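J.: Provide a 3D model corresponding to the input given below.
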Amino acid sequence: MAETEHRVCRLQEVWPLASRLAGGCARPAMVAAGLAELITNGIEHGNLAIGFAEKRAGLVRGDFTRERDRRLAARGVGDQGVRVSVARCADVVCFRIRDEGAGFDWRPWLDFDRSRADAPNGRGIALARSSCFESLNYLGCGNEVEAVALRAATGGSV
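T.: Purely as a prediction, here's the structure:
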């Protein structure tokens with residue numbers, strides 16, 4: 001089993017890392033999308049402590065990105081990161097994403113909720129769980145998530 005660990009501090013690092021880590025998975029585009037969602041959640045909701053309602057209000061007003069970027073700049077580059085561990089086994093790839101936040105009650109977010117259907121946010125975890133990974137499980141207080149994807153038949157490694 002090969003294991004690697006990565007640290008993400010900036011949002012512009014999320015997609016390149018997610019895409020690279022998803023290489024060798026059976027459905028790399030879907031796995032990359034799920035990883036990007038979970039890592040971004042770790043930055044925004046975990047490390048920056050931006051809640052669902054606060055993000056929704058910012059998205060509706062059109063100033064969410066500006067506020068998020070202000071908070072990132074105030075913390076300083078590299079002050080807080082999201083750690084991504086990858087363990088590649090014979091048939092699966094296990095990803096662990098851990099932020100430095102206080103955690104959250106993840107249970108209401110695992111499945112699609114009709115009350116959030118028209119909201120501009122709040123569906124990412126359910127989408128990642130249902131479409132991107134074979135399994136997705138939060139650990140402990142909710143600041144760490146484990147996602148498992150199938151490996152491609154031909155293998156591949158990062």
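
J.: Ala73: how many residues sit nearby?
T.: By other Cβ atoms under 10 Å, 9 other residues sit near Ala73. Every residue, glycine included, has its C-beta placed from N, CA and C.

J.: for Ser115, same thing?
T.: 8.

J.: can you give me the pLDDT of it?
T.: For Ser115, the model assigns a pLDDT of 79.

J.: buried residues in stretch 55-70?
T.: 55-56, 58, 64, 67-68 (16 or more other Cβ atoms under 10 Å).

J.: how about stretch 119-136?
T.: The neighbour-count check on stretch 119-136 (16+ other Cβ under 10 Å) flags 121-126, 128-129, 132-133, 136 as buried.

J.: show the average pLDDT along that stretch.
T.: Stretch 119-136 shows an average pLDDT of 88 in the prediction.

J.: what segments of the protein are strands?
T.: Secondary structure of the chain (DSSP state E): strands located at 2-8, 82-88, 92-98, 135-139, 144-150.

J.: show me the contacts for the residue most central in space within the chain.
T.: For the chain, the residue nearest the mean C-alpha position is Leu38 (0.9 Å; Cα atoms, centre = their mean). Leu38 sits next to 95, 97, 124-125, 128, 145, 147 when contact means Cβ atoms under 8 Å, 6 or more residues apart in numbering.

J.: looking at those residues, which is nearest Arg7?
T.: Comparing the contacts of Leu38 against Arg7 with Cβ to Cβ picks out Ile97 as the nearest, at 11.1 Å.

J.: quick one: the closest residue to the closest one other than its chain neighbours from Tyr138, how far?
T.: Spatial nearest neighbour of Ile97, excluding adjacent residues (Cβ to Cβ, 6 or more residues apart in numbering): Leu38 at 4.8 Å. The gap separating Leu38 from Tyr138 is 10 Å, by Cβ to Cβ, to the nearest Å.

J.: overlap in contacts, these two.
T.: What both Leu38 and Tyr138 touch, as defined by Cβ under 8 Å, 6+ apart, is the set Val145.
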